[in-house]
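> take a look and give me a structure for this.
(chains A and B)
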Protein chains: 2
Amino acid sequence: MKKYKILLIIADGLGDRQVRSLNNKTPLETADKPNIKSLLKSSLVGLMDPISPGIIPGSDTSHMAIFGIDPHKYYRGRGSFEALGSGAELTEGDISFRGNFATVDNEMRVVDRRAGRKIDEAEQLINELNSKIGEIDGVKVRFYKGTEHRVSVVLSGDNLSDKISDTDPHETGLKIKESKPLDNSPASSRTAEIVNKLSKKIYEVLSTSEINKLRLSENKLPANIILLRGVAVHRELPKIKDYTGLTTAAVTATPLIKGICRSLGMETITPPGATGGIDTNYDAKANEVINFLKSDKYDLVFLHIKATDAASHDGDVTEKVKAIEKIDNMVGKILDNYSSEIVIAFTGDHATPVELKEHSGDPVPIMIYVPENIIADDIKDFNEREAKKGSLKIMGINVMNLLLNYSNRASKYGA
Amino acid sequence: MKKYKILLIIADGLGDRQVRSLNNKTPLETADKPNIKSLLKSSLVGLMDPISPGIIPGSDTSHMAIFGIDPHKYYRGRGSFEALGSGAELTEGDISFRGNFATVDNEMRVVDRRAGRKIDEAEQLINELNSKIGEIDGVKVRFYKGTEHRVSVVLSGDNLSDKISDTDPHETGLKIKESKPLDNSPASSRTAEIVNKLSKKIYEVLSTSEINKLRLSENKLPANIILLRGVAVHRELPKIKDYTGLTTAAVTATPLIKGICRSLGMETITPPGATGGIDTNYDAKANEVINFLKSDKYDLVFLHIKATDAASHDGDVTEKVKAIEKIDNMVGKILDNYSSEIVIAFTGDHATPVELKEHSGDPVPIMIYVPENIIADDIKDFNEREAKKGSLKIMGINVMNLLLNYSNRASKYGA
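Model (predicted):
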């Protein structure tokens, strides 16, 4: 019984609804995708509810489910994943936040939630923060650079809690918020207090930074605060190797996804030019996939493309169609350059309908190509409409088990 | 509202994939089955994941689910079911093993894991063991004959544990293994110690047995040891009468299935000539089914046929097709000889694709014939391909509830 390698491709926010400007077709229906279509002759096709019907998934909860980890049991917030994806090493109990470099006035009122969004000096600012704020009240503080204006902030120490509120007011014109304890535990009071001291300290360091003086002189908004949200306590997750037997490599440029992959013990790589945006280097990512597939080391290669979601949040249907066509090109390149038979799954982590510009709880089309012997579903194209006719009606949590089964790598439950 | 009787037919390992030698058809697609097809005009058809999508079921976990018992909650290993199916009476806490009569050399190295497989003297050997090994360290030891070389061994006493390892090395040339405790409890250490003493004692009794001397003189391998595996602690299961209201009779020749049925409080029968193999007496089993249906006593009659699975494990596609055709004959015979209308479900407990020769996690076709009024699925034949077009997309755990509903025997949940 031949054990196949597995390629899992997730196009973030892939699913969509009828789009008026596409004559009531979806981006998947519109995109030209000869390579993906060529796989349908030996594929199972259908619809997947990443969490369960109607639930709007985050990219984090959905990826956890698809990787076989029940988010209801294990999800503890986004901060830890972002920090891990930005290069942090975390130990059990560390408290992580996602943060934005932002601009506040003298009264701590938010002027710009992103300090202009693209901050060329982010790395220098992070270094300055790390050298000037080592700890607060005996709690170690670390800063990590994310993409654009994004930062991860990690607190390490005893008796910390994630039951505290954000400092991000989520609106311009409002003052930065005080973090408040959300339960009665002393750890929550203490952590909220430390976070409030940290906010002040960050403002002190950044508002007096030479870099911000320079930015002001160039008529740029000073990045003089970090707005904190997405607090999460780090808990070790089960490792994918342990619960599936699969040695796994992940090709992704998105810190959140990279963090999830690292949490599960995957090897992760972001090739040069892979940006997590619509300008990503598709070719470089396809090449990494091919390398990982050719390596003896990996059973499962995971390819994540963020461009579909980025285009959807921007409401840019043309870019979304283009991104899908580029993914199809990647599939073609992978098939041309890796000749062994493999199991290939293609799906999204959720729908992000371009007319909504937000995630939705609609089911997402999924296809699983199996090299031999299966009774393929009689489906002519891969999209939201055709997928309804397929045999798969699954949830995200079923995906890994299906891949293990069809790659001949599953173990029997019972005797 | 007429309450119908229910006939549930499970063909073990029924599901399959495309088979090259059948022109890429499955055994179910190939088999001629006029009687089963005649039921489709008033049937619901579809696919069932016995456990959940992609999970490879054992016959034990799958039958539990189909009978409405969640194996994740109740499954404690195979040993108890085999022992019950071989005639043991078990009480809560008894520890059971599946065992093989095997041949070891003087150094306890395995020469043949089955001592030649068919052991005519098995019953005499079992009697000798039972008379010579009554107990070890105050723990009662019982032996029960299974099919061919198979034995069940039961330990009864206080403070026993199932957290111990097998003695079966699962390979010839290797020494019989010491059972080891798998946790730190005193009960596990004690049980492992008793099992190791038992192995020595079994060897003492069998290697000096007159029967084995005779076997040696006939150039047969001596059955001088029992290799133990599949340890299970007996826990009482809910009774099917209690949770469904159904008085149930089971016609099966397979000790494992018989044991599950007994655990659930079913009346079980193995008619003469029913072997649990491809040579089984189909007619005798059909007759038992007819008798049970005619009896006032039973609401649900369960018919299990192992032949489909046996043929699949042997990779014998011709025998599998033949077995399906014989099952169809049984259905014909039952319909001819029992004139009242009944609900009839036909499915498998899992797929055992003949080209894999192993269980797989593929969904299994299922059909439920309902005598009147239902809107039948528009399905022309009963097989893996057609079942995809049916309305049922269910899991094993849903089957009993569907049967209760369509036989007008279900109770309302809520008011």
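> ok, now how distant is residue A:152 from residue A:205?
Plainly put, residue A:152 is 17 Å away from residue A:205 if you go by Cβ to Cβ, to the nearest Å. All C-beta atoms are positioned from the backbone trio N, CA, C, and that covers glycine.
> of those two, give the one with the bigger neighbour count.
Under the neighbour definition other Cβ atoms under 10 Å in any protein chain shown, residue A:152 and residue A:205 were set side by side, and residue A:152 has more, 29 against 17.
> got a pLDDT number for that one?
Among the per-residue scores, residue A:152 shows a pLDDT of 97.
> packing partners of the strand or helix carrying it?
Secondary structure assignment for residue A:152, by DSSP states H and E: strand A:150-156. Counting contacts by 3 or more Cβ pairs under 8 Å, 6 or more residues apart in numbering or on different chains; DSSP states H and E, the secondary-structure elements packed against strand A:150-156 are helix A:79-85, strand A:95-104, strand A:139-145, helix A:186-207, strand A:225-233.
> where does the stretch 151-300 of chain A get nearest to chain B, which residue?
Proximity to chain B, evaluated over the stretch 151-300 of chain A using Cβ to the nearest Cβ, is greatest for residue A:244 at 11.0 Å.
> didn't that residue look like it was pressed against residue A:404?
Yes. In this structure residue A:244 lies within contact range of residue A:404 using Cβ atoms under 8 Å: 6.1 Å.
> tell me the contacts of the most centrally placed residue in chain A?
When chain A is reduced to its mean C-alpha position, the closest residue under Cα atoms, centre = their mean turns out to be residue A:257, at 3.2 Å. When contacts are counted by Cβ atoms under 8 Å, 6 or more residues apart in numbering or on different chains, residue A:257 touches A:12, A:59, A:63, A:81, A:85, A:250, A:304, A:306.
> quick check: of the residues you listed, which lies closest to chain B?
Among these, and counting by Cβ to the nearest Cβ, the member closest to chain B is residue A:63, at 17.9 Å.
> can you get me a residue count around the nearest residue to residue A:20 once chain neighbours are set aside?
Of all residues not flanking residue A:20 in the chain, residue A:355 sits nearest, at 7.4 Å (Cβ to Cβ, 6 or more residues apart in numbering or on different chains). Here the neighbour count serves as a burial measure; for residue A:355 (other Cβ under 10 Å) it reads 14.
> then residue A:47?
One way to gauge burial is a neighbour count; for residue A:47, by other Cβ under 10 Å, it gives 20.
> assumed it was part of a helix.
No. Secondary structure assignment places residue A:47 outside any helix; it is strand (DSSP: H, G, I helix; E, B strand; the rest coil).
> pull the contacting residues for the spatially closest residue to it that is not a sequence neighbour.
Spatially, and ignoring its direct neighbours in sequence, residue A:47 is nearest to residue A:363 (3.9 Å; Cβ to Cβ, 6+ apart). With contact taken as Cβ under 8 Å, 6+ apart, residue A:363 is in contact with A:15, A:47, A:48, A:49, A:53, A:351.
> model confidence for the residue nearest to residue A:20, exactly?
Residue A:355 is assigned 97 on the pLDDT scale.
> do I have it right that it meets residue A:24?
No. Because the distance of 11.2 Å does not satisfy Cβ under 8 Å, residue A:355 is recorded as not touching residue A:24.
> related to what we said a few turns ago, the residue of the stretch 151-300 of chain A closest to chain B: neighbour count?
Number of residues near residue A:244 (other Cβ under 10 Å) recorded here: 23.
> what distance do you get for it to residue A:60?
Distance from residue A:244 to residue A:60, by Cβ to Cβ: 19 Å.
> now do residue A:230
Relative to residue A:60, residue A:230 is positioned 10 Å away (Cβ to Cβ).
> shared neighbours of the two, anything?
With contacts taken as Cβ under 8 Å, 6+ apart, the residues that reach both residue A:230 and residue A:60 are residue A:78.
> residues of the stretch 151-300 of chain A that sit close to chain B?
Where proximity means Cβ under 8 Å from any Cβ of the partner chain, the stretch 151-300 of chain A presents no interface facing chain B.
> hey, where'd the strands end up in the stretch 151-300 of chain A?
A:225-233, A:248-251, A:267-269, A:300-305 (DSSP state E, counting those that start in this stretch).
> just name the most buried of those.
Here the criterion is mean neighbour count by mean count of other Cβ atoms under 10 Å in any protein chain shown, and of the strands of the stretch 151-300 of chain A the winner is strand A:300-305, at a mean of 28.
> after that strand, which helix or strand is next?
Sequence order places helix A:307-313 as the next helix or strand after strand A:300-305, per DSSP H and E.
> please consider this matter closed, and thank you.
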